[in-house]
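Novice: this is the structure alone, sequence omitted:
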């Protein structure tokens with residue numbers, strides 16, 4: 001059954017690669033309208049998933065990621081409409097030049113082909129990924145987590161109907177309707193039909209995909225994100241940014257998991273900041289200096305500094321200077337998103353140059369690491385790989401390229 005699905009997706013990918021931008025935009029607009037028209041059915045399906053999640057005693061942060069309401073369905077629909085306004089990357093000439101022998105060479109964007117996306121928790125990923133792949137001319141095979149089974153299927157049916165209404169092959173967007181791990185194992189061995197696999201989810205999922213897959217994988221790994229409060233930071237700014245980075249949505253990959261504070265700013269900054277965190281229900285796991293200021297904080301371990309909590313839990317460490325902060329981040333970070341708060345330009349530039357992460361910030365919350373916030377529309381996710389795509393993975397990152405060479409009879413001597 002999975003192989004048949006992959007064959008359908010491969011055939012559809014050839015059709016999609018040649019669809020006009022106008023047709024793609026029309027289908028995306030119809031997908032958006034279908035989500036809104038079926039809003040009640042989607043939310044009703046989501047309620048089944050929420051009930052199951054509560055029965056399974058999932059963490060509140062995970063249930064929050066899973067939950068759909070009218071606002072989030074509207075955001076999904078708006079995300080599809082945003083894609084219609086973005087430039088179609090397919091056919092874009094990246095570079096062109098002429099050789100002395102008269103050959104004219106163009107480097108042109110083309111779709112990757114068939115993309116399999118394996119993801120957990122958030123059902124909005126279903127529409128985001130389907131829309132991005134469709135606009136970039138790729139067919140997609142979706143396999144969501146069992147915790148969002150009903151929600152994902154309801155969303156998929158809306159997208160599929162829009163394809164059907166426009167006479168586009170339904171193989172353009174496929175979904176594996178199975179909770180069995182064996183289905184994923186089979187999918188990951190179909191390198192003759194699938195060109196790329198993108199796993200989105202927890203560490204265990206990504207490691208499993210990498211170990212089994214015969215297909216190239218782009219990892220959307222965990223987000224152990226840091227904010228470093230420098231000696232030269234505006235402390236009011238630092239407090240606002242750190243609070244936003246941890247508390248606004250603690251269950252997402254671009255939330256702060258570790259706060260580093262310069263030793264010369266710690267006595268002025270930490271008492272008020274930690275009090276504010278405590279009032280908001282944040283559990284602090286700190287080093288010795290931090291625990292002297294907040295005796296209620298738990299002792300941080302090496303494991304804490306390597307943990308993506310996805311919850312109202314925060315590691316805190318006081319460091320000597322910007323170089324120690326950079327060393328800590330490069331050792332413990334997952335190379336997702338890290339930020340420095342400082343008014344010292346030299347320290348800011350050192351941080352930007354030396355921190356080896358997909359996204360580095362000065363005086364801003366790492367919560368902005370997001371395709372929409374970057375003006376790229378929706379995103380497949382945040383790639384922590386270095387090859388092909390890094391950071392928010394949107395339309396351009398879902399393309400490859402080919403060389404188009406035009407001559408007038410040249411032969412190689």
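Specialist: Structure's in. What do you need? Just so it is clear, the structure is predicted and the values come from calculations on it, not from any experiment. Numbering: from 1, shown residues only.
Novice: could you pull out the buried residues of the element among helices and strands of the chain having the smallest mean pLDDT?
Specialist: When each helix and strand of the chain is scored by mean pLDDT, DSSP states H and E, helix 60-66 comes last, with a mean of 85. Within helix 60-66, the residues that count as buried by 16 or more other CB atoms under 10 Å are 61, 62, 63, 64, 65, 66. To be clear about C-beta, it is placed using only N, CA and C from the backbone, and glycine gets the same treatment.
Novice: next up, the contacts around the first one.
Specialist: In this case it means residue 61. 250, 251, 310, 311, 312 (CB atoms under 8 Å, 6 or more residues apart in numbering).
Novice: next: the second one.
Specialist: When contacts are counted by CB under 8 Å, 6+ apart, residue 62 is found next to 53, 121, 147, 251, 310.
Novice: which residues does residue 337 form beta bridges with?
Specialist: Residue 337 has these beta-bridge partners by DSSP bridges: residue 359.
Novice: so which residues of the stretch 251-400 of the chain form helices?
Specialist: Applying DSSP state H, counting those that start in this stretch to the stretch 251-400 of the chain gives helices spanning 263-279, 288-293, 302-305, 322-332, 345-354.
Novice: what mean pLDDT does the second one have?
Specialist: Meaning helix 288-293. The pLDDT scores in helix 288-293 average 95.
Novice: can you tell me what sits against that helix?
Specialist: 263, 266-267, 270-271, 274, 284, 297, 299-300, 316-318.
Novice: out of the buried residues of helix 60-66, who's nearest residue 306?
Specialist: Residue 306 lies nearest to residue 61 out of the buried residues of helix 60-66, by CB to CB, at 18.7 Å.
Novice: against residue 256, how distant is the closest one?
Specialist: 14 Å (CB to CB, to the nearest Å).
Novice: follow-up on the earlier one: can you redo the contacts of residue 62 as a markdown table with distance to residue 84 and pLDDT?
Specialist: Output for these, formatted as a markdown table (distance: CB to CB, whole Å; pLDDT from 0 to 100):
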| residue | distance to residue 84 | pLDDT |
| --- | --- | --- |
| 53 | 33 | 93 |
| 121 | 27 | 78 |
| 147 | 31 | 93 |
| 251 | 30 | 83 |
| 310 | 32 | 89 |
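Novice: from the residues you listed, which land in strands?
Specialist: Of the contacts of residue 62, none are assigned to strands by DSSP state E.
Novice: got a markdown table for those residues, with distance to residue 14 and neighbour count too?
Specialist: As requested, those are arranged in a markdown table below (distance: CB to CB, whole Å; neighbours: other CB atoms under 10 Å):
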| residue | distance to residue 14 | neighbour count |
| --- | --- | --- |
| 53 | 39 | 20 |
| 121 | 32 | 25 |
| 147 | 34 | 23 |
| 251 | 39 | 19 |
| 310 | 39 | 22 |
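Novice: redo these as a markdown table? Include distance to residue 221.
Specialist: As requested, the contacts of residue 62 are exported to a markdown table (distance: CB to CB, whole Å):
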| residue | distance to residue 221 |
| --- | --- |
| 53 | 24 |
| 121 | 15 |
| 147 | 20 |
| 251 | 16 |
| 310 | 13 |
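Novice: pop the domain breakdown of the protein in here.
Specialist: 2-220+380-406, 225-368 (automatic domain parsing).
Novice: among these, which is nearest residue 374?
Specialist: domain 2-220+380-406 (5.4 Å).
Novice: quick one: end-to-end distance for the closest one.
Specialist: Using CA to CA, to the nearest Å, the end-to-end distance of domain 2-220+380-406 comes out at 40 Å.
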